[in-house]
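A.B. asks: generate coordinates for the sequence data below:
(2 chains)
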There are 2 protein chains.
Amino acid sequence: MAYEHMPGLAFGGWVCNETAMKVAFQGERGAYSEEACRAHFGDSLSDIVPCPRFRAVYEAVASGQADRGMVPVENSTAGSIQENFDLLLEFGLVVVGEQSLRVRHHLLALPGETIQSLRQVLSHPQALAQCDSFLRKHSLEPVAEYDTAGSAKLVATRRAPGVGAIASRLAGTFYGLVSLAEGIESNSHNYTRFLALSKTPAVIAGPAKTSLLFATVNAPGTLYRALGVFASRQLNVTKLESRPTRKVPWEYVFYLDFEGHAESPSVVEALEELKPMTAMLRVLGSYPAAPLQLET
Amino acid sequence: MAYEHMPGLAFGGWVCNETAMKVAFQGERGAYSEEACRAHFGDSLSDIVPCPRFRAVYEAVASGQADRGMVPVENSTAGSIQENFDLLLEFGLVVVGEQSLRVRHHLLALPGETIQSLRQVLSHPQALAQCDSFLRKHSLEPVAEYDTAGSAKLVATRRAPGVGAIASRLAGTFYGLVSLAEGIESNSHNYTRFLALSKTPAVIAGPAKTSLLFATVNAPGTLYRALGVFASRQLNVTKLESRPTRKVPWEYVFYLDFEGHAESPSVVEALEELKPMTAMLRVLGSYPAAPLQLET
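C.D. replies: Sure thing, here's the model as predicted:
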């Protein structure tokens, strides 16, 4: 599989050159995860497999029902990093791409409705909370539902007057709703980072990033020494997160992204030096580095 | 204010010696945040201030309506780290304590109901997802609501037969419901970390931890050099998270916890050495280190 940078694309993403990719994601049609699939795979996206749960996304990829999975790992409305990393290890899938998506909430309603004619707005509690100021300003009653796209589907199927939904633009298009307002979240720092998963590693042309999981015994300086193997080789660490394992006292798990390919000589060397400092070390995958999405 | 370790307490927490503490949290009565307040403040908790939004918690502390605020910063069902850190900076409050809470979901119902007599279960979507296996095993229909404790309140007030809620044990006690099953989440790694906030810094007897936010220009080795100021002084970094700011290209924000007090000589020295490497540096507070909660 080869990727190339397509600056003209919406979201400025990297797209896969392979055609006819079948991609699994968690959520209803029109979910933000489907927006991320479209942004990432572009014209090569041939089919999508909506899954009720994250585990089902991994099952679809592992069984060959889908070529790729697309899962949120940061700032998601429903997913958590921990769950997706646990599943990644359990299913032995590899990370082959990343996609950052600016989550812009739309107020969707049946054609003919206006902001003034609405009384209730359905959505996931986190989306409702993110749009709290907008809802209060327009005296709209928030009503909790399972997810954002599912709320749009409910509005379209129930056809009750005065009821809207907060979801993606794509969900509006998909369920035949109109967008009465867009970008209604209070905080514009509303990004979700997705990872593309596969059964086989990516073949990359151009700059790569690599994701690692490793565990170390916590002692002053352990993490510093671990980072030293990257710093001494000019390998730029772009993300680092630590958390206690809670299974082994004082053992910490680190999730780390850096610029470089796991098979390049300097990275092979760095990982060899890192290994004896760790209780566990797993390369999650190397993939084309996506450009950072800045505020718009 | 002085803290001391009370090993006999539930949750093995640290409690504040001050009496008559009025504490604000986000959520309904019986929320997991209220459980965290009780675990953290113990007998010194004189009154609680439930707030509809995180912002209201900060307003209550800043205005003096409450002595402390208690906010989730990791693995929460509704809050996000970013939002609470943004609010912490905006309101100029300081971190004076930490509390780790094992979130154990209970299936709550009206007295007389059994697992077999229930048809529907109300809760926050994330709690429903965490208990998905249990719900499917017992053929219970999940129904999304705003939050966990709010769902328990609805079950108690509507009094509809066959309807239960997933929430904390405390919510069950508070709304007169019985617990039909406990620990019904699939993943036992279900912890939430809370921070206690105040207008004034904590006075600490015993080992302290300090939380920092700082921004650096991203370049190979910058983070490594930043961690070196702690490693060279045997200051143990217990948590580290980085994320791009998205406002300034290539600038990263780090959230870092370490063992030590911001006013101890070696920490003062470390922070002086760190400052010129950063574009922004804020000490969020020093507080008594809570013991790590291991799996039970």
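A.B. asks: which residue sits closest to A:Ala20, ignoring its sequence neighbours?
C.D. replies: A:Ser46 (4.0 Å; CB to CB, 6 or more residues apart in numbering or on different chains). For glycine as for every other residue, the C-beta is placed from the backbone atoms N, C-alpha and C.
A.B. asks: doesn't that neighbour fall inside a strand?
C.D. replies: Yes: checked against DSSP: H, G, I helix; E, B strand; the rest coil, A:Ser46 lies within a strand.
A.B. asks: now do the contacts for it.
C.D. replies: Contact analysis of A:Ser46 by CB atoms under 8 Å, 6 or more residues apart in numbering or on different chains lists A:Thr19, A:Ala20, A:Met21, A:Lys22.
A.B. asks: which of those residues fall in helices?
C.D. replies: Of these, none are assigned to helices by DSSP state H.
A.B. asks: can you list the low-confidence ranges for the stretch 101-250 of chain A?
C.D. replies: Within the stretch 101-250 of chain A, the stretches with pLDDT under 70 are A:218-220, A:243-250.
A.B. asks: run the last query once more with 50
C.D. replies: For the stretch 101-250 of chain A, no stretch has pLDDT under 50.
A.B. asks: for it, which segments count as helices?
C.D. replies: Using DSSP state H, counting those that start in this stretch, the helices of the stretch 101-250 of chain A run over A:125-130, A:132-137, A:148-158, A:169-175, A:222-231.
A.B. asks: how about those, which one is nearest chain B?
C.D. replies: Nearest to chain B, of all those, is helix A:222-231, at 3.6 Å by CB to the nearest CB.
A.B. asks: what sits up against the closest one?
C.D. replies: In contact with helix A:222-231 (CB under 8 Å, 6+ apart) are residues A:214, A:216, A:236-237, A:240, A:242, A:252, A:254, A:258, A:270-271, A:273-274, A:277-278, B:220-221, B:223-225, B:227-228, B:230-231, B:237, B:240.
A.B. asks: now with 6 Å, please.
C.D. replies: A:Thr216, A:Val237, A:Phe258, A:Ala270, A:Glu273, A:Leu274, A:Met277, B:Gly221, B:Tyr224, B:Leu227, B:Ala231, B:Val237 (CB atoms under 6 Å, 6 or more residues apart in numbering or on different chains).
A.B. asks: got the angle for it vs helix B:222-231?
C.D. replies: Angle, helix A:222-231 to helix B:222-231, by axes from the mean of the first three to the mean of the last three CA atoms, to 10 degrees: 150 degrees.
A.B. asks: chain center to helix A:222-231, what's the gap?
C.D. replies: The chain centroid and the centroid of helix A:222-231 are separated by 27 Å, computed with CA atoms, centre = their mean, to the nearest Å.
A.B. asks: over to stretch A:56-63?
C.D. replies: For stretch A:56-63, the distance to the chain centre is 16 Å (CA atoms, centre = their mean).
A.B. asks: tell me if that stretch is near chain B.
C.D. replies: No: using CB under 6 Å from any CB of the partner chain, stretch A:56-63 stays clear of chain B, with a minimum separation of 11.0 Å.
A.B. asks: which residues in that stretch does the neighbour count mark as buried?
C.D. replies: Across stretch A:56-63, burial judged by 16 or more other CB atoms under 10 Å in any protein chain shown covers A:Ala56, A:Val57, A:Tyr58, A:Glu59, A:Ala60, A:Val61, A:Ala62.
A.B. asks: before we move on, back to that, for the contacts of helix A:222-231, which single residue is the most surrounded?
C.D. replies: Counting neighbours by other CB atoms under 10 Å in any protein chain shown, B:Leu227 leads the contacts of helix A:222-231 with 26 neighbours.
A.B. asks: quick check: the gap between that residue and B:Phe214.
C.D. replies: Using CB to CB, to the nearest Å, B:Leu227 is found at 11 Å from B:Phe214.
A.B. asks: picking that back up, pipe the buried residues of stretch A:56-63 into JSON lines and attach pLDDT and secondary structure per row.
C.D. replies: Below are the buried residues of stretch A:56-63 laid out as JSON lines (pLDDT from 0 to 100; DSSP: H, G, I helix; E, B strand; the rest coil):
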{"residue": "A:Ala56", "pLDDT": "95", "secondary structure": "helix"}
{"residue": "A:Val57", "pLDDT": "97", "secondary structure": "helix"}
{"residue": "A:Tyr58", "pLDDT": "97", "secondary structure": "helix"}
{"residue": "A:Glu59", "pLDDT": "97", "secondary structure": "helix"}
{"residue": "A:Ala60", "pLDDT": "98", "secondary structure": "helix"}
{"residue": "A:Val61", "pLDDT": "97", "secondary structure": "helix"}
{"residue": "A:Ala62", "pLDDT": "97", "secondary structure": "helix"}
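A.B. asks: A:Ser286 belongs to a strand?
C.D. replies: Yes: counting by three-state DSSP, A:Ser286 is part of a strand.
A.B. asks: can you report how many residues neighbour it?
C.D. replies: Neighbours of A:Ser286 (other CB under 10 Å): 23.
A.B. asks: repeat for A:Gly183
C.D. replies: Neighbours of A:Gly183 under the rule other CB under 10 Å: 14.
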